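Peer 1: sequence first, predicted model second:
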Amino acid sequence: MALSHSTQNKLFTTGYIAKGVVYCLIGIFAVIAVVGGAGEGSTSGPKAVISWIGTNPFGKVLLFLIGAGLLAYCSWRWYTAVKDKENEGSDKEGLAKRAGYAVSGTAYGVLSAHAFKLAFGGGGSSGDSKQDIIARLLAESWGPWVVGIIAAIMAGVAIFQLYRALTDKHMEHIEGLGLGHHERETFKKTGEVGLTARFVVYGIISFFLFRAALMDDPSQFKGIGESLNFIQDQTYGAVLLALVGLGLLAYGIFMFVRAKYERV
């Protein structure tokens, strides 16, 4: 069943606003970890950010809103995959990209479920952690191969982020919208910086997924929060973490700009 253009745009706008909130908070917490001199473990991934939202005044309402927004993003990514909204086609490359949209949607659907569970008093747990899932895969004889394939996909995603940043591919969807110079520059710069930061984080995630596969050790896996901690532990880690944090904040702003100006 095809959705109306109005419904598609509502899903797109709502979903990208929610995603922007999550990334802005991840970036802000990373910068605070540097400025405040916080120690290891002070950076936050998406689930930790959502849990923090629930601790604020009107937390349950905010959790419900962010959960609804992330569910809208999940729905939009799945609709994009099934209906081929990006015109990727049905060859091997096109199907791989469409599968990527579905996987992305599923990941944010899990975050949405986590937000709803917290909103309705279900506690902080939302099923198995990613490390638990990696452990279950590695327990199988074919598990290391599957984890290796996932690592390769993540590496491809990381490289694609950088490719979009360097070639201005992220500008394609605003062509013909008649944006002014200031709006176009905001769109361009936040996209470039944000996508580059995502390249760094996703690159680290893929590296540790490869390590988990090669060493048959699920404890090697690092999500977004752990990847930021890894950056913080390096030489000049505070500077690097601040730069990546600002980049993720820029990516969150980029999501807001897309929500405001793009139409599907």
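Peer 2: Perfect, thanks for sending it.

Peer 1: any idea how far the residue in the chain sticking out farthest from the centre is from residue 216?
Peer 2: For the chain, the C-alpha farthest from the mean C-alpha position belongs to residue 141; by Cα atoms, centre = their mean, that distance is 30.0 Å. Distance check for residue 141 against residue 216: by Cβ to Cβ, to the nearest Å, it reads 11 Å. (C-beta placed from N, C-alpha, C; glycine too.)

Peer 1: could you do residue 4 as well?
Peer 2: 49 Å.

Peer 1: the more surrounded of those two?
Peer 2: The neighbour comparison of residue 4 against residue 216 (other Cβ atoms under 10 Å) goes to residue 216, with 12 against 8.

Peer 1: least confident secondary structure element in the protein?
Peer 2: helix 130-138 (a mean of 82; mean pLDDT, DSSP states H and E).

Peer 1: beyond that helix, next helix or strand please.
Peer 2: helix 143-167 (DSSP states H and E).

Peer 1: how about the helix or strand just after that following helix: buried residues?
Peer 2: Counting by DSSP H and E, the next helix or strand C-terminal to helix 143-167 is helix 181-215. Of all the residues in helix 181-215, those buried under the rule 16 or more other Cβ atoms under 10 Å are 184, 186-188, 190-213.

Peer 1: and the angle for helix 181-215 with helix 143-167?
Peer 2: If you take axes from the mean of the first three to the mean of the last three Cα atoms, to 10 degrees, helix 181-215 sits at 160 degrees to helix 143-167.

Peer 1: does helix 181-215 pack against any helices or strands, and if so which?
Peer 2: helix 130-138, helix 143-167, helix 224-232, helix 237-261 (3 or more Cβ pairs under 8 Å, 6 or more residues apart in numbering; DSSP states H and E).
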